[in-house]
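Asker: need coordinates for the following:
(chains A and B)
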Amino acid sequence: MNAARHSAETVLEASGVTMVFGGLTALNDVSLSLPEGRIVGLIGPNGAGKTTFFNCLTGLYTPTRGAVRLRGKELPHDPAKVTTAGIARTFQNIRLFPNMSVLENVLVGRHIRMRQGPLASLFHGPGFRRDERRAREKSLELLEFVGLRGVEDEVARNLPYGDQRRLEIARALATEPDVLLLDEPTAGMNPQETEDARQLIFRIRETGISVVVIEHDTKFIFSLCDTVSVLVQGEVLVEGSPDVVREDPRVIEAYLGKPREEVEAEVAEAAAHHGADHQGPAAGRRDDA
Amino acid sequence: MTRLTGFLPPALARPFNAVGAALLVIAALLPWATFLLNDGAFPDKATLQFFDAPLAVTGFRWQLLLIGVAALVLAFVRIPGQGRVLRALGWGGLAIGVVGAIFIASEGGGLGAITAADGTTAFGSIVAVLGGVALVLGSTALGIPDIPDWPTRFFGLSGWPLRLAAWVVLVVAFGGVLYLVSLTLTAGGIGGAADPYAGPIFLAFLGFAGALLGALHGAGVTRWVSRLSEEHRGFSILVLVACAFALPFTEAGSQYWMQVAATIGVYAATAIGLNIVVGLAGLLDLGYVAFLGIGAFVAANLSGAGASALGWDLPFPVAALIAAAVAGVFGAIVGSPTLRVRGDYLAIVTLAFGEIFYRSAQNDIGELTGGASAIPGIPPISMFGTAFNEPLELFGAELPSGVLYYFLIVLVVAAIMAVFANLKNSRMGRAWIAIREDEDAARAMGIRTGKAKILAFLVGATLAGLAGAIFVHKLGTASYESFQFLESVTLLAAVILGGMGTIPGAVLGASLLFVLPEKLREFDEYRLLVFGLALILIMRFRPQGLVPDRVRRAELAGETAMGKSIEEAEEQAVLEHEEALSAQKEDRR
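Answerer: Have a look, this model is predicted:
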């Protein structure tokens, strides 16, 4: 960790974000600050509100209260405008454009950085061709960067799972973001692919892009992030460096489950009470499913 | 890789092929109808009574003979893609036989007409059916092979000689297409009293043309030509346009066929516009013909027609541009609800708009549509001192009246094609496709989906409005009846049938959907039934459309990335597994 990073200015700041669906409070007063050039992790059990929080950050949802600021400027509640302002995202369940080629997917990511009016699109003048050529070059560079060079003409749907995740990242990077939001980038990946993803995210940080990662894999998060926030039932439970979060007893209880001895003791107790009814150690775990 | 789909053991392939082919040849040389039918002798001397010269075969019998001889040769000579070629020929022979048998039997009042009566026999159609079935069975017995790939660099040529050779191939290929189009249009004549057998003759010709195209496709020729034309794109477009302009100089160059061709052109132009909305942006529009109507009525009111309440008289190009612009504005208006509704709901909104337009035009709202009495007497387009409904003399050839409309619509269709292709390969086109694929993801990429969707409607409607302006001048009357819901559905069917998101698809689909009803007039009340049946068959056996998009082709034909079908890939895996097993057994021994 170099010293410059510690004094970095805050690039993305969410303050007091509250999201209420009907009577359900999905997020309650969640704040997060992302310093420039850092990787911030967001962990929490299923249903804790991680993806809802992402949707508030990217303008897909309008938060009931609270605000999101990018470099001090409040963001509008419109995904297209948020992307233009400099926030790009990937989705938990991959959402590529399945029937477009790999290259075309990335070119769609270039959409807001291209300068083509409807008339230029119609007549394909020299300016159009220059713009198009630049976009292709840039897109191919990005495919090279994520390690997908050579399959650019393949249909996105036909890519292996891990490559689809990487393509989604390339597409997000094509929008030239200041902040990249990754929603479970390693879900369903094997250990090798997970390690590749970790290296890729480090390389993304090297280019000056700040990253927020949602992930279930705590080992992955603790080895990747500069700071980690733990979200439980819509509220931030703990925030701090991986070492601090890892050792915090509340986190261990809320997210990782209670210590094994305690769970076993509980189960034994329950078994004593209910006789033959007990259903094994899983019944005592609170974060299950 | 060969797919095993046949019903027969492979050993029977050659005998069945040979016998089937021979039967087709024999059928072509036999009489087909036992006695004189109600509408007169069956064409091409196929009626026993006129069957004086068995070897002087013409028309559908000549076509059947060609199929039979080709199949007979191919039963013994091995070529790449043989199974596919023979299968296509078999289906073609079968189709000709079935069409003839059904028609002669029904006209002649029973099976006696195609079999035997009073000691005379005319088994032609039955022999053709048997031959077709045998050929189909025989050709599939060996399994259906892959379509062979031909290299786009051939004879070791390179540079200019290669380019010239490719150009020659393309000219020949497109020339062939032109000839086929002209034959298809004129096959069976114009029907009615003059040609009582136009329907069956046309259908039999379709069987022949289908067999021919199927055989060329099976042998890999069409794929090779399409790849060549992609490599020489500019030249191909040039030849294609030239071929379109050459159509009036062929057999189809009569007033009637030029009118039919120009009408097809109008619908093709409209279908390409609809293809932007449906094929690219994925917005289902069920009221699209309203934009054609808006263009038509605007142009009608600006043309100086006496019956128009407005009575303006503007030169055609100006009127056409205004018609297109007004239709475009309405397109944007109809498109605006797309910001709020998606999918099925949007289809209902557009359906409602189409109906509103139809009813308004019917009731002459604003006195702009003439209501039930329509707006008659729209003068023909007149430019450069020539009225477009006059005959024309060009290069020493007398061209019929109406040919100028045909030339105009060819130019317009070419221009609209260019618009479509350019838009598709631009930032805007990619945004449309992205919206079709996943609207939320498209928004996350910064695409203003609302604007993009309205723009799609606007562009599509503008093109339809332009087509409507030509349509109404060509017809001379603007009547609300031309813009019914059924027309919208037919246009949508043209786009889906031809292949979503492709230009040749929309043109081919429009041609088929507007030629078939024209050619099937013979069948009166059965016309739409036959038409619907044809649609069902095409969608069943070619769901991706006749000319599919690269991607949709893969999606709907179940092809893997390597261009193999999923079944093929699985079969290959099974075979490899079996081979490995037998190899293990060998080892153990």
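Asker: what's in contact with the top helix by length along chain A?
Answerer: Assignment by DSSP state H gives helix A:126-146 as the longest helix of chain A. Here helix A:126-146 makes contact (CB atoms under 8 Å, 6 or more residues apart in numbering or on different chains) with A:102-103, A:106-107, A:109-110, A:113-116, A:120-121, A:149, A:152, A:166-167, A:169-170, A:173-174, A:200, A:203, B:426-427. In short, each C-beta sits where N, CA and C put it, glycine included.
Asker: could you pull out the helices in the stretch 101-250 of chain A for me?
Answerer: Residue ranges of the helices in the stretch 101-250 of chain A, as given by DSSP state H, counting those that start in this stretch, are A:102-109, A:118-123, A:126-146, A:161-173, A:191-206, A:218-224, A:242-247, A:249-254.
Asker: now distance to residue A:79 too, for these, in TSV please.
Answerer: Formatted as TSV, those follow (distance: least, CB to CB, whole Å):
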stretch	distance to residue A:79
helix A:102-109	14
helix A:118-123	22
helix A:126-146	21
helix A:161-173	12
helix A:191-206	21
helix A:218-224	25
helix A:242-247	30
helix A:249-254	31
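Asker: got CSV for the ones you listed, with mean neighbour count and mean pLDDT too?
Answerer: Shown next, in CSV, are the helices of the stretch 101-250 of chain A (neighbours: other CB atoms under 10 Å in any protein chain shown; pLDDT from 0 to 100):
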stretch, mean neighbour count, mean pLDDT
helix A:102-109, 26, 94
helix A:118-123, 16, 81
helix A:126-146, 16, 91
helix A:161-173, 23, 92
helix A:191-206, 16, 92
helix A:218-224, 18, 88
helix A:242-247, 15, 86
helix A:249-254, 16, 78
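Asker: of these, which is nearest residue B:167?
Answerer: helix A:126-146 (25.4 Å; CB to CB).
Asker: show me how far the closest one is from its chain's centre.
Answerer: On the basis of CA atoms, centre = their mean, to the nearest Å, the separation between the geometric centre of helix A:126-146 and that of its chain is 26 Å.
Asker: compute the inter-axis angle for it and helix A:191-206.
Answerer: Interaxial angle, helix A:126-146 versus helix A:191-206 (axes from the mean of the first three to the mean of the last three CA atoms, to 10 degrees): 130 degrees.
Asker: can I get helix A:126-146 in CSV, CA atoms only?
Answerer: C-alpha atoms of helix A:126-146 as CSV (Å, rounded to 0.1, in the frame of the first residue of the first chain):
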residue,chain,number,x,y,z
PRO,A,126,-15.3,10.5,-43.2
GLY,A,127,-15.9,11.7,-39.6
PHE,A,128,-18.2,8.7,-39.0
ARG,A,129,-15.6,6.3,-40.2
ARG,A,130,-12.8,7.9,-38.1
ASP,A,131,-15.1,7.7,-35.0
GLU,A,132,-16.0,4.1,-35.8
ARG,A,133,-12.4,3.1,-36.3
ARG,A,134,-11.3,4.7,-33.1
ALA,A,135,-14.1,2.9,-31.2
ARG,A,136,-13.0,-0.4,-32.7
GLU,A,137,-9.4,0.1,-31.8
LYS,A,138,-10.3,1.1,-28.2
SER,A,139,-12.7,-1.9,-27.9
LEU,A,140,-10.0,-4.3,-29.2
GLU,A,141,-7.6,-2.8,-26.7
LEU,A,142,-10.1,-3.5,-23.9
LEU,A,143,-10.6,-7.1,-25.0
GLU,A,144,-6.9,-7.5,-25.0
PHE,A,145,-6.8,-6.1,-21.5
VAL,A,146,-9.3,-8.6,-20.1
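Asker: what angle separates that helix from helix A:102-109?
Answerer: 110 degrees.
Asker: relative to helix A:161-173, how tilted is helix A:126-146?
Answerer: 140 degrees.
Asker: so which residues on the stretch 151-289 of chain A come close to chain B?
Answerer: A:154, A:155, A:157, A:158, A:171, A:175 (CB under 8 Å from any CB of the partner chain).
Asker: most neighbours among those, please name it.
Answerer: Highest neighbour count within these: residue A:171, with 30 neighbours (other CB atoms under 10 Å in any protein chain shown).
Asker: count of residues packed around residue 179?
Answerer: Going with chain A. The tally of other residues near residue A:179 (other CB under 10 Å) stands at 23.
Asker: wait, chain B was what I had in mind.
Answerer: When neighbours are defined as other CB under 10 Å, residue B:179 has 16 of them.
Asker: ok, now which ones touch it?
Answerer: Residues residue B:250 are the ones in contact with residue B:179 under the rule CB under 8 Å, 6+ apart.
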